[in-house]
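Novice: Give me a 3D structure for the following:
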Amino acid sequence: MFDGSLEILNATQNDEGVYTCLAENDRGKANSSGTLTITDGTSLTEVPEDTMVKVGEELILGCAASYDPMLDIAFVWAIDHRVIDFHAEWEHYERIMVPPRMRMRRRRRRRRRVVVVYCTVLCGDE
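Specialist: Sure thing, here's the model as predicted:
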């Protein structure tokens with residue numbers, strides 16, 4: 001059975017507007033409308049670079065994004081796939097908000113390993 005859905009492929013600014021669905025049968029009519037807003041995509045314009053530091057040194061990693069200004073943006077930092085809790089780990093990590101940066105202090109020596117740091121950008125209108 002046809003469910004009445006509308007699929008828009010490769011949406012562009014021309015697709016913005018108020019869309020109305022009208023359902024009709026021998027028992028009556030019903031309709032509902034919704035507004036479609038098209039936003040620009042989000043992309044990273046600055047990413048953390050591969051870096052090597054000595055134990056005890058401080059390191060500042062940058063992360064920046066290009067995004068639609070009508071959306072809110074959040075930068076989420078993770079290390080080895082674990083999201084960093086800046087409140088619980090304040091002695092080791094510090095979030096620098098403008099521009100988005102993260103300061104990391106390495107306080108203790110660990111076995112030699114690769115540490116992968118991620119910057120993820122979340123956009124939304126809430």
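
Novice: Leaving out sequence neighbours, find the closest residue to V53.
Specialist: Closest residue to V53 apart from its sequence neighbours, by CB to CB, 6 or more residues apart in numbering: L59 at 5.0 Å. Yep, even glycine has a C-beta here, placed from its N, CA and C like the rest.

Novice: The helix or strand hosting that neighbour pairs with which strands?
Specialist: Assessed by DSSP states H and E, L59 sits inside strand 58-62. Sheet partners assigned to strand 58-62 using DSSP bridges are listed as strand 101-105 (antiparallel).

Novice: what are the bridge partners for the residue nearest to V53, then?
Specialist: Here L59, judged by DSSP bridges, has bridge partners M104.

Novice: Make sure it is actually in contact with D50.
Specialist: No. In this structure, L59 is not within contact of D50 by CB atoms under 8 Å, at 11.6 Å.

Novice: out of these two, which sits in the busier spot?
Specialist: L59 (14 against 7; other CB atoms under 10 Å).

Novice: Now do that one against T39, distance only.
Specialist: Taking CB to CB, to the nearest Å as the measure, L59 falls 34 Å from T39.

Novice: same thing with D80?
Specialist: 32 Å.

Novice: D68 too?
Specialist: From D68 to T39 the distance is 4 Å (CB to CB).

Novice: returning to what we had before: compare D80 and T39 (neighbour count), which wins?
Specialist: T39 (15 against 10).

Novice: which residues does the more buried one contact?
Specialist: D68, M70, L71 (CB atoms under 8 Å, 6 or more residues apart in numbering).
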